[in-house]
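Asks: how does the following fold in three dimensions:
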Amino acid sequence: MTISWLVCLMALSVGANGEVPISLSAFVAQTALDEGDKSEIREYTVHYLDLLATGDHEDVMKARTKLVEPMQNVRRKASSAFRSVYAADLLPSLENILDEGDVYRGVNAIQVAGFLGTDSSIRMLGRRAGSSDEPDSSKRLWVAIALRKSMANGELSLRSFNAAVRALAEAAETEEDWRVLVRQLETVSSIAKSRRSRDEGGEELRSIGRKLQLEMIRVTLDRILAKEGSVELVYALRPSIFDVQQQYLDPELSRYRREVGLNMAPQLARVNDIVLLHYEALQGNEPLKYSSGLSLRLSDETLRLIESDLGNGRAPQFNPEDLWLNKEKDALEKNREAWNALLAQPPYADR
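Replies: Residues are numbered from 1 along each chain as shown. Below is the predicted model:
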């Protein structure tokens, strides 16, 4: 069904007065909505969905702002009843806009869906996380961002959380655009740092986040080393390594420090393997060379923190970033060998 037909059908169910409500603020916090309330909400959504689907550039911007507005009410948090009715009105048309293929409208539709924060909206976003379901990389990037927004501010069941984060992790296994991969990794990392309480399933969520973050980093390293993905995926490593470092140092996450350190250390050391395997390609491209140097420095800093804290303080005495910038390949190989020897011993062995 085309967007215009869908909007027309929705319009048939709108009340007879034909006036579009200026705002939905009167309904946002209501815990129960009658048919009159639902009719006014529908008038609002029909009007702005039509602008989003068929309007010009400025119309689309206005529509996005107005459709997001009820979920950003600074005085009243959206009730479950309002979220449910609002999402039911919006999602069919948002999906049709995405199916039409227009990137600009699609990105705005994704942003609106991200603010809804319902199980139904996060399922819709999760279905479009991977390149096999959403061929446009700009939309996939915004899906990852919208999922993070929903996870942070929505009212989601633990099941929906799990499904969404696993969909992102699966999508990352075949993602070719490093920009999208960065956002996917960021969103999964946010789950590892979730502030949900234990009663709300927070412990389980954080555990899933840590495991999937580790798996996503491992798979990304595997792909680069196997030359199955573009060498540009190296760009996604630096922010991920920095995030791991900050997790390790975060006092509020200190009870997970040993788990994170021992699991991540072998993966961090593999950055040495990557720069040596792709040495010529990375050295021959200035942006890649710079990013690789930063990744080496961050991985080395984090490894040293972990070894000082959990090991015996026997970190190799090399500065890999300087070695990289000075093109001292032989010394880089010695650094790799030293770390590999150290990580083959307790407490890292068999990780």
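Asks: residues touching residue 173, list them.
Replies: Neighbouring residues of residue 173 by CB atoms under 8 Å, 6 or more residues apart in numbering: 216, 219. No exception for glycine: its C-beta is placed from N, CA and C like everyone else's.
Asks: use 803 as the first number for this chain going forward.
Replies: Fine by me, first position is 803 from now on; the one you just mentioned is residue 975.
Asks: tell me how far it lies from residue 1020.
Replies: Look at residue 975 and residue 1020: by CB to CB, to the nearest Å, they are 11 Å apart.
Asks: residue 978 and residue 936: what is the separation?
Replies: Counting by CB to CB, the gap from residue 978 to residue 936 is 13 Å.
Asks: ok, and for stretch 931-949, which residues are buried?
Replies: By 16 or more other CB atoms under 10 Å, the buried positions in stretch 931-949 come out as 931-932, 936, 938, 940-949.
Asks: same question, stretch 884-901
Replies: Of the residues in stretch 884-901, 884-889, 891-893, 895-900 count as buried by neighbour count, 16+ other CB under 10 Å.
Asks: low-confidence ranges, the stretch 1053-1153 of the chain, go.
Replies: Scanning the stretch 1053-1153 of the chain for pLDDT under 70 picks out 1153.
Asks: one more time with 90
Replies: Applying pLDDT under 90 to the stretch 1053-1153 of the chain picks out residues 1054-1057, 1113-1115, 1151-1153.
Asks: equivalent analysis for the stretch 853-1002 of the chain, please.
Replies: Applying pLDDT under 90 to the stretch 853-1002 of the chain flags the ranges 874-880, 903, 953-960, 963-964, 994-1002.
Asks: check contacts around the nearest residue in space to residue 1098 that is not next to it in sequence.
Replies: Nearest residue to residue 1098, sequence neighbours excluded (CB to CB, 6 or more residues apart in numbering): residue 1122, at 4.3 Å. Counting by CB under 8 Å, 6+ apart, residue 1122 makes contact with 1074, 1098-1099, 1102, 1134, 1137.
Asks: picking up where we left off before, which pair of the buried residues of stretch 931-949 spans the longest distance?
Replies: Distance extremes for the buried residues of stretch 931-949: the farthest pair is 938 and 949 at 16.2 Å, using CB to CB.
Asks: coming back round to it: what's the closest of the buried residues of stretch 884-901 to residue 875?
Replies: Top of the list for closeness to residue 875, among the buried residues of stretch 884-901 and by CB to CB, is residue 884 at 9.7 Å.
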